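Visitor: sharing a sequence plus its predicted fold:
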Amino acid sequence: MRSSFRLFRISGIDIGIHYSWLFIFILITWSLAQGFFPQSYPGWSVTTYWITGAVAAILLFASVLVHELAHSLVARARGLPVRSITLFILGGVSNLEEEPREPAVEFSMAIVGPIASLVLAGIFWALMKASAQPFSPVGATLYYLALINLILAIFNLLPGFPLDGGRVLRSIIWATTKNLAKATSIASMVGRFFGWALIAYGVFSLLSGNMLGGLWIALIGWFLTSAAESSRQEVTLRDHLSGTQVKDVMDANPMSISPDTTVQEVVENIFHQGRGRAVPVSEGGRLVGIVTITDVKGLPQEAWARTPVEKIMTRSPLYSVAPEDDLNSAMRLIAQHDVNQALILRQGQLVGLISRADIIRHLQLSQELGLRRRQQAS
């Protein structure tokens, strides 16, 4: 997730927070210090309420992190690489490099999150009961954490995609129908239903005077509705791209330049001519790098004429796919590494180039002509 910064690593997984987390941290601390704790535990000092609220908010997000770690560790155990976990305004998200390929894998990944929250709720409840002073700030914090983890578990079990319960529902439909796109469509429809129900309830709460609670519920409903539709579109796109091989869309005759070509020549003869945003660099028939517009932007214009591309080209990593790979693999690689193109290699030799624009043009043409996804021979 962009606009986030890394905090630390757990089991090789980067843990970061989105800038929106700071807003929700302040909001939760304020609501606990001014609402929940004073109403439930009167008699404390103002300072105690604020300190307890801040500590409880931090531990709440630690609980969300445990929830997401459960997803990530199960995903990794099932062979799915996990890049990072990001905490943001509405909780957390595990950033997987690829989606589950089997319904059983998705089921196990999805169900373990609510189970982790239920276990945390039980642990905090037991600690609260064992506390010598259950009405102290420590006891109050433990009670709040037990309650909020229980709520998180129940909420995430709602069968609305992309909540954990919605993913469980999708995995069951997927296993029954053997059709991921159909399962996603049904689970997303249920997710949108729950989202609109939450929006309606939030608006009702707003009109009833519960400004903060109503706004928060409506925001969650809007997020759920938007995420459900986005997930449906993403799976539909992935399903369509998986039916086309890279060689059917790639530029099979990419221009290649030598390392001693000047940056000025590249800009004038390739970039200005609209012949792409990147050009491979070869020497003696061997691929040695790639020059992109981004590489050129880092060099002052007055130095273009006297600078060979070998001074600025990207040597490594060179992201590539094979001609027989499906378009979904190419698009995932491009998106994952935030690049505009991928090299097409066969046995280490350059045979083509594919860009975001190539994939978008293919999708637009398919939509205009009403082309259906082609089934690949097994």
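Guide: Good, I have the coordinates.

Visitor: ok, the lowest-mean-pLDDT helix or strand in the chain: who's next to it in the sheet?
Guide: Lowest by mean pLDDT, DSSP states H and E among the helices and strands of the chain is strand 91-96, with a mean of 72. When pairing is defined by DSSP bridges, strand 91-96 lines up against strand 82-88 (antiparallel).

Visitor: buried ones in the strand it pairs with?
Guide: Buried residues in strand 82-88, counting neighbours by 16 or more other Cβ atoms under 10 Å, are found at 82, 84-88. No exception for glycine: its C-beta is placed from N, CA and C like everyone else's.

Visitor: who's in contact with the least confident helix or strand of the chain?
Guide: 1, 61, 64-65, 67-68, 71-72, 75, 80-86, 152 (Cβ atoms under 8 Å, 6 or more residues apart in numbering).

Visitor: so which of those sit within strands?
Guide: Those of these mapping onto strands are 82-86, per DSSP state E.

Visitor: nearest to Trp196 among the residues you listed?
Guide: Trp196 lies nearest to Thr86 out of the ones in strands among the contacts of strand 91-96, by Cβ to Cβ, at 26.5 Å.

Visitor: quick check, the closest one in contact with Ile13.
Guide: No: using Cβ atoms under 8 Å, Thr86 is not in contact with Ile13; the gap is 10.7 Å.

Visitor: which residues do these two both contact?
Guide: In contact with both Thr86 and Ile13: no residue, using Cβ under 8 Å, 6+ apart.

Visitor: helix or strand next in line after the least confident helix or strand of the chain, which one?
Guide: helix 103-130 (DSSP states H and E).

Visitor: ok, and for that following helix, which residues are buried?
Guide: 103, 105-114, 116-118, 120-121, 124-125, 127-128.

Visitor: please apply the same query to stretch 266-286.
Guide: Those would be 266-267, 270-271, 276-282, for stretch 266-286 by 16+ other Cβ under 10 Å.

Visitor: ok, how many other residues are close to the spatially closest residue to Glu68 that is not a sequence neighbour?
Guide: Take Glu68 and drop its neighbours on the chain: the residue closest to it by Cβ to Cβ, 6 or more residues apart in numbering is Gly92, 4.2 Å away. For Gly92, the count of nearby residues is 23 (other Cβ atoms under 10 Å).

Visitor: Ser63 versus Gly92, what's the distance?
Guide: Counting by Cβ to Cβ, to the nearest Å, the gap from Gly92 to Ser63 is 10 Å.

Visitor: residues in contact with stretch 341-357?
Guide: With Cβ under 8 Å, 6+ apart as the criterion, stretch 341-357 contacts 246-247, 249-254, 256, 276-278, 280, 282, 287, 290, 292, 318-323, 330-331, 333-334, 340.

Visitor: start and end of that stretch, how far apart?
Guide: Using Cα to Cα, to the nearest Å, one end of stretch 341-357 lies 9 Å from the other.

Visitor: how far off centre is that stretch?
Guide: Centroid separation for stretch 341-357 versus its chain: 26 Å, with Cα atoms, centre = their mean, to the nearest Å.

Visitor: ok, stretch 105-121 next?
Guide: On Cα atoms, centre = their mean, the centre of stretch 105-121 falls 19 Å from that of its chain.

Visitor: again, but for stretch 19-33
Guide: On Cα atoms, centre = their mean, the centre of stretch 19-33 falls 22 Å from that of its chain.

Visitor: and it, average pLDDT?
Guide: Mean pLDDT, computed over stretch 19-33, is 85.

Visitor: just the CA trace of that stretch, in PDB.
Guide: Extracted in PDB, the C-alpha atoms of stretch 19-33 (Å, rounded to 0.1, in the frame of the first residue of the first chain):
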ATOM      1  CA  TYR A  19      -0.500   7.700   7.200                       C
ATOM      2  CA  SER A  20      -4.300   7.300   7.800                       C
ATOM      3  CA  TRP A  21      -3.500   5.100  10.800                       C
ATOM      4  CA  LEU A  22      -2.400   8.200  12.700                       C
ATOM      5  CA  PHE A  23      -5.800   9.800  12.200                       C
ATOM      6  CA  ILE A  24      -7.700   6.700  13.500                       C
ATOM      7  CA  PHE A  25      -5.200   6.300  16.400                       C
ATOM      8  CA  ILE A  26      -6.000   9.800  17.500                       C
ATOM      9  CA  LEU A  27      -9.800   9.300  17.000                       C
ATOM     10  CA  ILE A  28      -9.900   6.000  19.000                       C
ATOM     11  CA  THR A  29      -7.700   7.500  21.800                       C
ATOM     12  CA  TRP A  30     -10.100  10.500  22.000                       C
ATOM     13  CA  SER A  31     -13.200   8.300  22.000                       C
ATOM     14  CA  LEU A  32     -11.900   6.100  24.700                       C
ATOM     15  CA  ALA A  33     -10.600   8.900  26.900                       C
END
